[in-house]
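Enquirer: my questions are about this predicted structure, shown below with the sequence.
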Amino acid sequence: MWKRFASNIGAMVGVVLLIAVIAIAIIAPMLYPGGPWQMVQRPFLVPFTMEAYPLGTDTLGRNVAAQLAYGAQVSLLVGLVSTLVALLIGVPLGAVAGFYGGLADEGAMRFTEFFQTIPNFALAIVLVAIFQPNLTSIILAIAIVSWPPVARLVRAEVMSVRKREFVDAATLAGLSKPRILITQVLPNTVSPIIVMASLMVATAILLESSLSFLGLGDPNAMSWGYMIGAARTVIRSAWWLSFFPGVAIIITVLALNLIGEGLNDALNPHLSRKGRA
Amino acid sequence: MSTLVIDHLSIGLPEGADRPLAVEDVSMAIEMGQILCVVGESGSGKSMTANALMGLLPPGVTVEAGKAVFNGQNVLDLPESRKQALRGAEIAMIFQEPMTALNPLMRIGDQIAEVFAAHDRFTPSERREKALHLIREVGLPDPEKIIRAYPFQLSGGQRQRAMIAMALALEPKLLIADEPTTALDVTTQAQILKLILDLRDRRGMAVMFITHDFGVVAEIADQVIVMREGKVVERGVAADVLGNPQHDYTRRLLDAIPTGKLPAARAPRDVPALEIKGLRKIYRTGGGLFKPVREVRAVDDVSLTVARGEVLGLVGESGSGKSTLGRTAVRLVTPDGGQVMVGGTDLAALSDEELRRERHKVQMVFQDPYASLNPRQRIMGALTDGPITKGVPKARAQERARELLEIVGLGAEAASRYPHEFSGGQRQRIGIARALAMDPELIIADEAVSALDVSIQAQVLDLLRDLRERFDLSILFITHDLRVAAQLCDRIAVMQKGRLVEIGTVHDIFLAPQQDYTRQLLAAVPGAGWSQESAGA
Amino acid sequence: MDTFIAVLSRIAKAVLTLLAIAVLNFFLLHAAPGDPAVVLAGEAGAADEQMIAQLRERFGLDQPFYVQLGKYVWGIMQFDLGYSFRQGMPVSQLIMERLPATLILTLTAFFISLGMGIWLGVAASARVGRASDSLLTTLALLFYATPLYWAALMAVLVFSVWLGWLPAFGFETVGANYTGLARVLDIAKHLVLPALTLGLFFMAVYMRMTRASMLEVSQMDFVKTAKAKGLGGAAIRRRHILRNAILPVVTLAGLQAGQLVGGAVLTETVFAWPGIGRLMFESLAARDYNTILGVFIVSAAMVILFNIITDIVYRIVDPRIGARS
């Protein structure tokens, strides 16, 4: 499996890009001990004019490069934690619905469908607006709008695994239902969940940046979306203030998508089946 | 006159496949109006040969050498446009899976008429007329209705007839049939085979019939070619190959097929291992706010007994309720009425918790060797989960698991491996060991050898025969295949539409069947006439 | 008949969903930190004691919880979405004024992205493995990773600021007073950039889905049957593969409708497009919760409408649904 993943050029590009972003996030405090909010130069310094500030400065004379580095921390943190929370909601719900069927399934699926009908970005906006923008509310809002697809996927996978004969065999062995679900069924649904999770981190990063762009970011955390939102009005005079954070988002999201696709190809090799006699 | 001559054909597989050539140096000829059966087990290259003729080889698979002369030209190196003109018009093909071989979103009539459209023949209204005529010719009921029907509204046999209608549309000189009856019930299979024979007689076309089943060969073949791992191992006139096989492999395949030779009858003991009394299971579908409830009586008031040490065969076609009966007997399905008595306990009446403690009494061997083992669990786990839950100490359970793996012929070291490291037949052996590990009073084998190739099937049946002697097993052996049942069972029960039609010793069922349906089933068994002859010989 | 009943029950379900969203709205309002009356009043004129007292009475904030809930939901069922103190008019009126612009934008983006996405997906799948396929898939992957609002900003920068081809802001030229066709053309000109940037992401989604679905369906048995009939590649793709491959894309398009409406908030914000998304953005800064929740419930209603439409399309394409079971 790892061989298949490693031979996928796109996936390897993704891994390299992601490692670079993670590294920058980690060493940001060492590179820029002053933090992202410190004024270091005159405002609107054009990029590539001063060696110390290669990406220029913003409307208040803050170092754009430092802002980008600290922004990586926020993006990765929010993406990762909100995905974990979404999995914590979606996996158990989908697993129980798919495994037990009947009323549990009916109830869980109506609930999931309801959340899937609500326009998710609009709900995220409402949630963050009402609970005041901070990292916790942002993470929870993103998790709340992201779990329904997880629940549906896990339910579908569990339902298909449940029908296989080894589950019957486990029943005949006298194993209890919860034990069958946890030790026999769920381990066989892990691959698609991993693939989905890696794509969800990417979506969560986009969502976080969109919220920050609208001014719903954590006011104490520098984020890429906030940088673009703040620079929106000066796009005519200082294009680089919007341009660089956008590129940072694209690189990170692209890397995660490439990794997700690579994992998908490596874990679900049925699409590249070889011809047989 | 030869319709098709294949000359030294070799087909190469892509890199990384289990062998370099799918088909190696294969030659054959099909005469006008004759049926050539190409016989082989899975992986023998028989389908690849057919696909090569049609220009339908999967990507990466290529013709490496040889030619196939049809109509005076080598069809293998025609340009794609010429091949396309040939397909459907001069050479037609039907496939194994009638359920998936038709476009689900297109009406049957349109799919037939499309053959004419593809070759630019006739006007649309003529196409419709011809489609109606074809539907009539292949014996589909109510052509006016069928022509407007979608595939999901037809049964498997009807779909295969529709496929044949499509193949015949432009009166091809050669019909390639790739396992066209494998997915069908025996009685339907018999009808389709008869249809193909009739059409061959009426139209005088050549037929290349691919199959794994020598029974089918006996029914329809004029000429036979036996393939193994891409090579031809035997060829000849059907009667010669069947009656006097030259090659060892052919002989093994033929031996693996049960003939009319019935095993010696054994007197059943009086002690019952399983007693089923008045068992009922009704499936209800639909029943929403606006939908009427539909009831299917899957098991309808069935009573039968399996004596200790007996193998009872339960035979029926799909939808007969035989599998539901089996699953109800192990209480994977809870019955709507009746009793399932095992060792003095009525399994049907137990609560979930009580049931869990009684589970070990009845175990099951499943059909699909690829689905019946958890791909993420080592064999040891699969064999010890049950005994440990039952209360057997872990060390003892593991020791027993290794012992059983030896007994089923895999060796103790198999315990530490994962299912994907085993072949289908080996997995079935593991499944048997898993059932034995629980020391059950009764084993239910649900189509336990149906998914296996004939020669592997024979080995697993041998193993089961061996084990029943050794452990005095009581087995309820569920199968759609009367021939298989005859090899292993003491008595046979025949089911149809949820009801028990007839039950009796193998001899009685085969030689003196009492019910019409049993007689129909026996008559439909492919090669029935031939096997009786050879039994008499 | 079956279809009729199915559509009816679908609509019944939609009404129930809307009711549930109304209840959710109610709880969200009450979950906001602080006095609900003050929350409802928003920042504008929040200090006015008299108004807050009025609000308390109107929403029965001194009454038991369930009475408040009932009043609130009953109000929403009559399309009473409350009063925007910031804008000085009922929220429902505000939304009705802004809704046409949003509908024009989202529907245009929806059809452009679905049409182009399916077309490009089919084209890519027909050339699978070749350079043009790789180019299309790579571009799709890139668009898929691009934040909507950033693409919008860059489009403004390039096509309006640098090249000066298209207007960057607004719904039509202010003060031009065009009428008839001239006005339509003017609006269309303003629509190009917002609709394209909003559609770009979804185009990428539909293209990837169509391509994957086409490739999957092309492995199926009935495609082999079609080849065995002697049909050509193009006919097989059109008559057999595409029709089957498009079903999951239609389903996805229905599910994605929610994101499309959400994306409109960002696009309208960047392009100063006077729709309900822009209204939501403006209300955020003012903490005008009534308006925010009003837009929220209307956008949910739009999504439900999109879903019903895709359901009907699906029924038309797939004969298996409704005919049996």
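Expert: That came through fine.
Enquirer: please list the residues of chain A that sit near chain B.
Expert: Residues of chain A lying close to chain B (C-beta under 8 Å from any C-beta of the partner chain) are A:164-166, A:168-176, A:183-184, A:187-188, A:274-277. For glycine as for every other residue, the C-beta is placed from the backbone atoms N, C-alpha and C.
Enquirer: can you pull out the residues in contact with stretch B:316-334?
Expert: Outside stretch B:316-334, the residues within contact range by C-beta atoms under 8 Å, 6 or more residues apart in numbering or on different chains are A:168, A:171-172, B:185-187, B:274, B:276, B:279, B:281, B:297-300, B:302, B:314-315, B:335, B:340, B:347-348, B:350, B:355, B:362-364, B:442, B:444, B:446-447, B:476, B:478, B:480, B:494-499, B:521.
Enquirer: now it: how far from the chain's centre is it?
Expert: Centre-to-centre, stretch B:316-334 and its host chain are 18 Å apart (C-alpha atoms, centre = their mean, to the nearest Å).
Enquirer: and it, which residues are buried?
Expert: B:316-317, B:319-333 (16 or more other C-beta atoms under 10 Å in any protein chain shown).
Enquirer: likewise stretch B:508-525?
Expert: Quick answer for stretch B:508-525 (16+ other C-beta under 10 Å): B:D508, B:I509, B:F510, B:P513, B:Y517, B:T518, B:L521, B:L522, B:A524, B:V525.
Enquirer: repeat for stretch B:393-406
Expert: Quick answer for stretch B:393-406 (16+ other C-beta under 10 Å): B:A397, B:Q398, B:R400, B:A401, B:R402, B:L404, B:L405.
Enquirer: okay, residue 167: pLDDT?
Expert: Just going to use chain A. We have a pLDDT of 95 for A:V167.
Enquirer: my question was about chain B
Expert: Looking at B:A167, the pLDDT reads 92.
Enquirer: for it, give me its contacts.
Expert: B:G88, B:A92, B:M93, B:I94, B:L175, C:A228.
Enquirer: mind running it again at 6 Å?
Expert: For B:A167, the contacting residues are B:A92, B:I94, B:L175, by C-beta atoms under 6 Å, 6 or more residues apart in numbering or on different chains.
Enquirer: setting aside sequence neighbours, what's the nearest residue to it?
Expert: Nearest residue to B:A167, sequence neighbours excluded (C-beta to C-beta, 6 or more residues apart in numbering or on different chains): B:A92, at 3.7 Å.
Enquirer: is that neighbour in a helix, a strand, or coil?
Expert: Assigned state for B:A92: strand (three-state reduction, DSSP: H, G, I helix; E, B strand; the rest coil).
Enquirer: and it, how many neighbours?
Expert: Neighbour count of B:A92, defined by other C-beta atoms under 10 Å in any protein chain shown: 28.
Enquirer: who's it bridged to?
Expert: Judged by DSSP bridges, the bridge partners of B:A92 are B:L175.
Enquirer: isn't it right up against B:P172?
Expert: Yes - counting by C-beta atoms under 6 Å, B:A92 touches B:P172, with 4.1 Å between them.
Enquirer: one step back: make a markdown table from the buried residues of stretch B:393-406 and add pLDDT, distance to chain C and secondary structure to it.
Expert: Output for the buried residues of stretch B:393-406, formatted as a markdown table (pLDDT from 0 to 100; distance: C-beta to the nearest C-beta, whole Å; DSSP: H, G, I helix; E, B strand; the rest coil):
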| residue | pLDDT | distance to chain C | secondary structure |
| --- | --- | --- | --- |
| B:A397 | 95 | 44 | helix |
| B:Q398 | 96 | 43 | helix |
| B:R400 | 95 | 44 | helix |
| B:A401 | 96 | 40 | helix |
| B:R402 | 95 | 42 | helix |
| B:L404 | 95 | 40 | helix |
| B:L405 | 95 | 37 | helix |
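Enquirer: out of those residues, the closest to B:G309 would be?
Expert: When those are compared for distance to B:G309 (C-beta to C-beta), B:L404 wins out at 19.6 Å.
Enquirer: can stretch C:12-23 be found next to chain A?
Expert: Yes - interface with chain A: stretch C:12-23 contributes C:T17, C:A20 (C-beta under 6 Å from any C-beta of the partner chain).
Enquirer: show residues contacting that stretch.
Expert: A:F114, A:T117, C:V73, C:I76, C:I297, C:A300, C:I304.
Enquirer: those, buried ones only, as a PyMOL selection?
Expert: Only the buried entries of those go into this PyMOL selection, using 16+ other C-beta under 10 Å:
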select buried, (chain A and resi 114+117) or (chain C and resi 73+76+297+300+304)
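Enquirer: how about the contacts of stretch C:12-23 in CSV, adding pLDDT?
Expert: Below are the contacts of stretch C:12-23 laid out as CSV (pLDDT from 0 to 100):
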residue, pLDDT
A:F114, 89
A:T117, 84
C:V73, 84
C:I76, 83
C:I297, 90
C:A300, 89
C:I304, 87
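Enquirer: out of the contacts of stretch C:12-23, which sit inside helices?
Expert: A:F114, A:T117, C:V73, C:I76, C:I297, C:A300, C:I304 (DSSP state H).
Enquirer: residues near the nearest residue to the third one once chain neighbours are set aside, how many?
Expert: Spelled out, that is C:V73. Among residues not flanking C:V73 along the chain, C:A22 sits closest, at 4.7 Å (C-beta to C-beta, 6+ apart). A count of nearby residues for C:A22, using other C-beta under 10 Å, gives 20.
Enquirer: same check, this time on the one 10 residues further on
Expert: Number of residues near C:A32 (other C-beta under 10 Å) recorded here: 17.
Enquirer: what does the one residue in the stretch 1-150 of chain B that gets nearest to chain C show for phi and psi?
Expert: Residue nearest to chain C within the stretch 1-150 of chain B (C-beta to the nearest C-beta): B:G88, separated by 3.4 Å. Torsion angles at B:G88 (phi, psi; degrees, to the nearest 10) stand at phi 80, psi -30.
Enquirer: all good on my end, thank you.
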